[in-house]
Each structure stands twice: as structure tokens, then as C-alpha cells.
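**Q** Below is the structure, and that's it, no one-letter string:
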């Protein structure tokens, strides 16, 4: 069936009117593919990048199938998402699309007073948008009844698994009817996603939808490039790349909180308007930082992956991988924040010489080549700065009232040639615009160093295969008596550090304590992060287990 507009999808008038008011004229490819089978009640397994319109692809069918005047207290649909930010965004989308239906939509997530959520659930709800941990909390309290659920959506399923929510998702699905409709969307399709699909989806319709393809002969929507830089020169290289690129707004991804804070200070020292964002900040502070980037009071957001999950910022033009992520799938999620809704975006990576294999792994995952470029030289910067000065002067000549300065020029031309006067004025404007580069030095060129292929043995637990090398075993003062489960430990660690679930090794849980293997170079970060975290509502302390570092087999 050819779909030229939302009306062709047989959506009810109460949905078509809000879509028209929002300016949506025709469905995106994934909406055209997904909405018909979902309206027919089929299960669906969709691979879709951020920015393809997948939220409306599942929200519109859910709203279409709501009974008119529905009065039940329990939800008809449950949407599980990995982060607080995404829960708010998806909930807002449901509100916008379902306003004329009077749809009752409630987001539930950590960091919000639970009393407010209890009141909303008690009044009755049609759609619940939840993070897995908070959903399970409400189920255990008896305040979230899923017996009437007709549709369950797992959005960004790979992110939820990376955050350690696999067992929580399984426990939630057990509480829903067996004949429910199940919808799963994921940016990547690792084996774990296929396993969930086989267990919980019945003969699903499969859709694979990347970012919208460019027209033949045109540039791709996300321009991907990498600069090979030795670690000591990365801050200076980033500053130069940003000077040349001049992003409207950018997110710069770092591995650790300390790296975020140090780089933010460095960038602000270079005259950039940068803000830090990481898990060590309160949610209120993080919200203020994001709003400053949204409304243009900041141009750069320096962030960890965990803190930036779920962010959707319209003015974002660049994503910078200051540090390459541990897994290629994380790279996919990072660059998914640009090149949206037909706009061109730029993804830049600062790779260290030893990271040859990781760049190749990213290229295999994305199916696209990453263009290697040279770090801008001082000569390149001078050329760029002169171009910026020329552009600023041209704009002033076209738009400003310059008549009040005529007397200065006429006085000077009595003594100097008009060209000399103009040159002196341009020099002053150029220096005021930051064009003085006399103290800058060229960054030494380097190249990728292909590593000798290594064979890492997969541990019996299936964890820890992503990094290889030394591990450290951590002692955590909480165990079975506090109802601690492996997924609780994985979720707490991945939620506040740069690590993914694949980085965590063997986990042992005793009655009063737990032991967890983590990469040795991340041990201090994990110990610090857990001081600010709670696991199953209880504060925990972590320390090295008598400093027994181990070599993975």
C-alpha cells in the first residue's frame, strides 16, 4: 500500500487533527512500515536509529486502539524505556498525539517523588511510560496493575540491556497477559535482543530501518570523521577542531566524571561556552545544564554516556567522541543524536593511535567508513580566523549603521592612505575576535597503530569479554539478606560509570556481602560512584577486596 499521508493509515480523526496541528504532513518510512501491522495487532521487532520517528510509530497505534471512554484504573499499554529523560520525552509525545482522545498518560521514573506517581496511578491511567526499575518497584508495592495491558513496548531495548535491566524486564513481562501485543525497538540487534524476541514475541513483523537515506549523489546526513591524536594533545586538538567546525551546539562525550570536569574547564579557558553533565550532579542541576544548551546560553555539553542518555536537543549539530566508547553500539547511540529530521549532522572522533581495532569495529557496526583527517595546523587556524573576521566585517557593512564612524576615517585619511586605515581596522577586529595565534604550536602528527589480534576467552558468566586485561575484585557490603541480585549490581555500576554490562566480570553474592570483578583501570571510578548510589533502596560501600587484582584467563 502506498502511504502519502497519515489519513491513508486509517487513523481516527482525534489523532489526525493533533498531527496536522503539529505540522506533520506525511509518515516517516518507519511509521509507514510499522503502523499498519501494529494496528492489526501483530507483534513487531524493529531496528531503528534515533531520529527515524519510531516514537510516533508505536504511540499512534497504541492510542488508536484505546477504547472510547475507557474507565479502567490499570493501563492498557506499558512502554519501558532506559532513562528518565526518554520517559519524559515519550510521555510528552503521547500527550501531544492523544490530547483529543483524553488519553491518561503517566510517566514513572526514579528521581521524581513517588507520592505524585502513586496519586496519578490511583486516579486511573491508559498508558504508563516507565523505567524498568521504577516499574518493578510499583509492581512490588501493588500500585501498578498490569493485568489489563494489551500492548507492551520495549523502546531502546539494547540500552536497557546494557544498563543491566534484563531480569527486571523479564519480571515485568511475567505480570502482563500472555496474549498481549509486544513491540520491541532497538538501534542495534545483538544476540541478546534476538533471545528476548524469541521468548516474548509471537511471529513478529520485522522492520529494519536506519537513518533516512540521502538522495543519490548527495552527502550523508551524518558526516563521520576521526582525528588520530596522542592523549596529551587531545584537549588542544579538540579546541582546534571546534574552532574550524564552529558547531551550532555539540555534545562532547568523555569516559569519566573527572575527564568531563577537566575538559569543561579547559574549553572554557579557551573561550568556549561549555557546560559539564555527569552522574555526580543532582537531577535539578542536570536539568538546568541541558536547558542552557537548548536555549542557546551554552554551545557545548561535555558529558558521560549515562548522563546524556535520552537527550533530544533540536539545535544539536555535532557529536564529538573525545573518548571512544567501550562498545560500538554506544557509538551508534551517540551519533543518533544528530542528523535528525532531514538535518545534516557531524560526528567527530578523537582516536588515540592504539585504537585502530575499535575504529574498525565501529565501521563494521555502522556499515559506514570513518574519514581520517589531519588535526588543523596553526596555518589552518589562521586561515579560518581570517575568514571569520572577513565574514563579521561583511555582515557589519551590510547591516550596521556606520555613519557615526565616518569622521574617524576621514581624519585618518588626511595622514594615511585609505587602504592602510582599512588594514589597521581589520587587524584590530581580527585580534578582538581571537585571531592572535602567536602562542599556538602545531600538534605532532601521529597515525593509527594496528594492534596484533588477541584472543580473549569468554568467561563462563558471559560477562567481562569486552575489555580484556587486568581486573580488580570489589567487595560490596550488601548481599542476599538485602535482596541484592546480579542485575542490581550491574545496573548500579553501569548507571553511574562509563562501563557497560559487557565490562563487568564474575559476580558472587553471599548473605552479607557481594564480590564483583571490574576492569582494574575503572576500579576507583566504580568505588567513588557507588558512594553516591543506592541499591534496592539501601546505601552501599565498596572497596577493593584486599587488593587482589587478577589476570583474566
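**A** Done, it's in. Keep in mind the model is a prediction, meaning the values are calculated, not measured.

**Q** Could you list the domains of this structure?
**A** Listed by automatic domain parsing, the domain ranges of the chain are 6-209, 222-375, 379-432, 470-551.

**Q** Report the rounded mean pLDDT for the first one.
**A** Mean pLDDT, domain 6-209: 89.

**Q** now the end-to-end length of that domain.
**A** End-to-end span of domain 6-209 (C-alpha to C-alpha, to the nearest Å): 19 Å.

**Q** How about stretch 151-166?
**A** 19 Å.

**Q** before we move on, which element is the closest residue in space to residue 55 that isn't next to it in sequence in?
**A** With C-beta to C-beta, 6 or more residues apart in numbering as the criterion, residue 55 has its nearest non-adjacent residue at 4.9 Å, and that residue is residue 93. For every residue, glycine as well, the C-beta is placed using N, CA and C. Taking DSSP states H and E as the definition, residue 93 sits inside helix 84-97.

**Q** For residue 382, see how far away the residue nearest to residue 55 is.
**A** Applying C-beta to C-beta, to the nearest Å, the value for residue 93 to residue 382 is 47 Å.

**Q** What of residue 83?
**A** Distance, residue 83 to residue 382, by C-beta to C-beta: 43 Å.

**Q** neighbour-wise, which of those two wins?
**A** Using other C-beta atoms under 10 Å as the criterion, residue 83 and residue 382 rank with residue 83 on top: 22 against 16.

**Q** now the helices: where do they sit in the stretch 151-300 of the chain?
**A** Here the stretch 151-300 of the chain has its helices, by DSSP state H, counting those that start in this stretch, at 157-162, 166-174, 191-200, 234-245, 257-269, 283-294.

**Q** from those helices, which stretch is densest packed?
**A** When the helices of the stretch 151-300 of the chain are scored by mean count of other C-beta atoms under 10 Å, the highest mean neighbour count falls to helix 157-162 (a mean of 25).

**Q** So which elements touch that helix?
**A** Helices and strands touching helix 157-162, as assessed by 3 or more C-beta pairs under 8 Å, 6 or more residues apart in numbering; DSSP states H and E, comprise strand 181-186, helix 191-200, helix 328-335.

**Q** mind redoing it with 7 Å?
**A** When contacts are defined as 3 or more C-beta pairs under 7 Å, 6 or more residues apart in numbering; DSSP states H and E, helix 157-162 packs onto strand 181-186, helix 191-200.

**Q** Any idea how far it is from the middle of the chain?
**A** Counting by C-alpha atoms, centre = their mean, to the nearest Å, helix 157-162 is centred 12 Å from the centre of its parent chain.

**Q** what comes up buried for stretch 296-309?
**A** By neighbour count with 16 or more other C-beta atoms under 10 Å, stretch 296-309 contains the buried residues 298-309.

**Q** returning to what we had before: need the contact list for the residue nearest to residue 55.
**A** 55-56, 59 (C-beta atoms under 7 Å, 6 or more residues apart in numbering).

**Q** mind listing which of those are in strands?
**A** Assigned to strands by DSSP state E, none of the contacts of residue 93 qualify.

**Q** how close does the closest residue to residue 297 other than its chain neighbours sit to residue 528?
**A** Nearest residue to residue 297, sequence neighbours excluded (C-beta to C-beta, 6+ apart): residue 273, at 7.4 Å. Going from residue 273 to residue 528 by C-beta to C-beta gives 28 Å.

**Q** what about residue 77, how many residues close to it?
**A** 28.

**Q** Which strand residues bridge it?
**A** residue 127, residue 151 (DSSP bridges).

**Q** OK, contacts around it?
**A** Residue 77 touches 62, 127, 149-151, counting by C-beta under 7 Å, 6+ apart.

**Q** now swap in residue 514 and tell me
**A** Taking C-beta under 7 Å, 6+ apart as the test, what residue 514 contacts is 476, 478-479, 484, 489, 507-508.

**Q** Return the backbone torsion pair for it.
**A** Backbone geometry at residue 514, expressed as degrees, to the nearest 10, gives phi -140, psi 150.

**Q** Show me what the nearest residue in space to it that is not next to it in sequence is bridged to.
**A** Nearest residue to residue 514, sequence neighbours excluded (C-beta to C-beta, 6+ apart): residue 476, at 4.5 Å. Judged by DSSP bridges, the bridge partners of residue 476 are residue 514, residue 542.

**Q** thought residue 476 was touching residue 542?
**A** Yes: at 4.9 Å, residue 476 and residue 542 qualify as touching, with contact defined as C-beta atoms under 7 Å.

**Q** ok, back up a step: which of the contacts of residue 93 sits closest to residue 256?
**A** residue 55 (31.1 Å; C-beta to C-beta).

**Q** what's the angle from the helix ranked longest in the chain to helix 234-245?
**A** Looking across the chain with DSSP state H, the single longest helix is helix 378-399. Angle of helix 378-399 versus helix 234-245, following axes from the mean of the first three to the mean of the last three C-alpha atoms, to 10 degrees, is 40 degrees.

**Q** which secondary structure element contains residue 33?
**A** helix 29-39.

**Q** Can you tell me the closest non-neighbouring residue to residue 149?
**A** If the residues on either side of it in the chain are set aside, residue 149 comes closest to residue 176, at 4.7 Å by C-beta to C-beta, 6+ apart.

**Q** what's the angle between the helix or strand containing residue 19 and helix 84-97?
**A** Using DSSP H and E, residue 19 sits within helix 13-21. If you take the same axes, to 10 degrees, helix 13-21 sits at 110 degrees to helix 84-97.

**Q** Go through helix 13-21 and flag the buried ones.
**A** The neighbour-count check on helix 13-21 (16+ other C-beta under 10 Å) flags 14-16, 18-19 as buried.

**Q** if I pick residue 36, what's in contact with it?
**A** By C-beta under 7 Å, 6+ apart, the contact set of residue 36 is residue 9.

**Q** Could you tell me how far it is located from residue 351?
**A** Using C-beta to C-beta, residue 36 is found at 43 Å from residue 351.

**Q** Residue 288 now?
**A** Distance from residue 288 to residue 351, counting by C-beta to C-beta: 32 Å.

**Q** Strands of the stretch 451-553 of the chain, start to end?
**A** With strands called from DSSP state E, counting those that start in this stretch, the stretch 451-553 of the chain shows them at 470-476, 507-509, 514-519, 534-535, 538-539, 542-551.
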